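Asks: model this:
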Amino acid sequence: MTDDFAFSITTTRFDERYAPSEDSRITTNFANLARGPHRQENLRGALTMIDRRFNDLAHWDNPTGDRYALELEIVSVQLEFAAEGADQRFPLIEVLDIHILDGHTGARHHGIVGNNFSSYLRDYDFSVLLPASAHRAKEAGEAPALPRDFGELHGRLFRHFLDSVTYRERFPQSPVICISVSTSKTYRRSENHHPILGVEYVQDEHSLTDEYFGKMGLQVRYFMPRGSVAPLAFYFRGDLLTDYSDLQLAGTISTMEAFQKIYRPEIYNANSAAPALYRPSLESQDYSRTRIDYDREERSRLALTQGRYTEEHFVEPHRDVLERWAGIAVPV
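Replies: You can find the predicted model right below:
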């Protein structure tokens, strides 16, 4: 590992008593739930949704539908620079780790780490760099284009973390990130079917998000599990279908589907399932809301604030170190 920086990990239990740390992005799914006067009710409701969905998916030898419960931990990864200074430590990413509790046997199984993905540097890339690049192109009368090396620094830091002793000593398997499908792409139902992941959907070209995760060393597949109404995007290393057990996959599905029903109900809490040829839309009116709500416009505004924070406290103070380590020019 480079002498310029090192990684460290802290964990926080995600339960109805959870309160975001000062380093947590306040637009993160779990941090957003833990705000306001109804924070405990929001958290309790989300956790109940997760457990019920997990037992629905893991239905074998589970006649009463309450055999399992999930324990969730927020994994916070810090990048610590060797050089002394006010911005020596920066919160690089946050993900979720899952443990599955079997009420019949008392066994505790490790699920999949990853699931949700939160990154200040991604906020910088998408909410600061992209709009600035588009603005410059417009002023110059040119077609908009991605900044040179867009997402490269983020991707290299993520891959470096996964290959680090810090990660490998803590987690025995590669992560799986599970998020919403893109509203800019069309997905086609295939004949491929997995007993837990469900029916696979495919698309003709990748979205910008797919390409961004690709630079992180992750490939993508799209599956709509049994009982779901829209496919989820799964980003992974290795083989998604063989590297993880059915219980592990059910843990990721139940956790992230609950978040998506809350944050994108137009897609994931729709009143009808995705057709064979599917174009997701946030403009749909045929959906049901959960009792847990949030302000999507506020979330977009805060992403810009967090991107600016990253520029001020991470990119600019450490530009020379980051460029020397990555071997690229960090876009401005």
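
Asks: Quick one: classify the closest residue in space to Tyr268 that isn't next to it in sequence as helix, strand or coil.
Replies: Closest residue in space to Tyr268, ignoring its immediate chain neighbours: Gln260 at 4.0 Å, by CB to CB, 6 or more residues apart in numbering. Every residue, glycine included, has its C-beta placed from N, CA and C. Of the three states, Gln260 takes helix according to DSSP: H, G, I helix; E, B strand; the rest coil.

Asks: Can you list the low-confidence ranges for this structure?
Replies: Applying pLDDT under 70 to the chain flags residues 1-3, 21-38, 84-86, 293-300.

Asks: redo that, cut-off 80
Replies: Scanning the chain for pLDDT under 80 picks out 1-3, 18-40, 42, 83-87, 135, 137, 291-302, 331-332.

Asks: Please enumerate the strands of it.
Replies: Along the chain, counting by DSSP state E, strands occupy 5-14, 68-81, 89-102, 108-110, 114-119, 176-180, 187-194, 198-202, 219-224, 232-236, 277-278.

Asks: ok, so what distance separates Tyr222 from Leu96?
Replies: Relative to Leu96, Tyr222 is positioned 20 Å away (CB to CB, to the nearest Å).

Asks: With neighbour numbers in mind, choose between these two.
Replies: Leu96 (28 against 24; other CB atoms under 10 Å).

Asks: Was I right to think the more buried one contacts Ser118?
Replies: No: applying CB atoms under 8 Å, one finds Leu96 not in contact with Ser118, separated by 9.3 Å.

Asks: and the closest residue to Phe14 other than its chain neighbours, what is it in contact with?
Replies: Nearest residue to Phe14 in three dimensions, chain neighbours excluded: Leu72, at 4.0 Å (CB to CB, 6+ apart). Residues near Leu72 by CB atoms under 8 Å, 6 or more residues apart in numbering: Arg13, Phe14, Asp15, Phe30, Leu47, Ile50, Leu96, Asp97, Ile98, His99, Thr255.

Asks: re earlier: out of the strands of the chain, which gets nearest to Tyr309?
Replies: Proximity to Tyr309, assessed across these by CB to CB, is greatest for strand 89-102 (9.9 Å).

Asks: Just send the strands of the chain back as JSON lines, with distance to His160 too.
Replies: Output for the strands of the chain, formatted as JSON lines (distance: least, CB to CB, whole Å):
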{"stretch": "strand 5-14", "distance to His160": "8"}
{"stretch": "strand 68-81", "distance to His160": "10"}
{"stretch": "strand 89-102", "distance to His160": "10"}
{"stretch": "strand 108-110", "distance to His160": "23"}
{"stretch": "strand 114-119", "distance to His160": "14"}
{"stretch": "strand 176-180", "distance to His160": "17"}
{"stretch": "strand 187-194", "distance to His160": "31"}
{"stretch": "strand 198-202", "distance to His160": "31"}
{"stretch": "strand 219-224", "distance to His160": "18"}
{"stretch": "strand 232-236", "distance to His160": "17"}
{"stretch": "strand 277-278", "distance to His160": "36"}
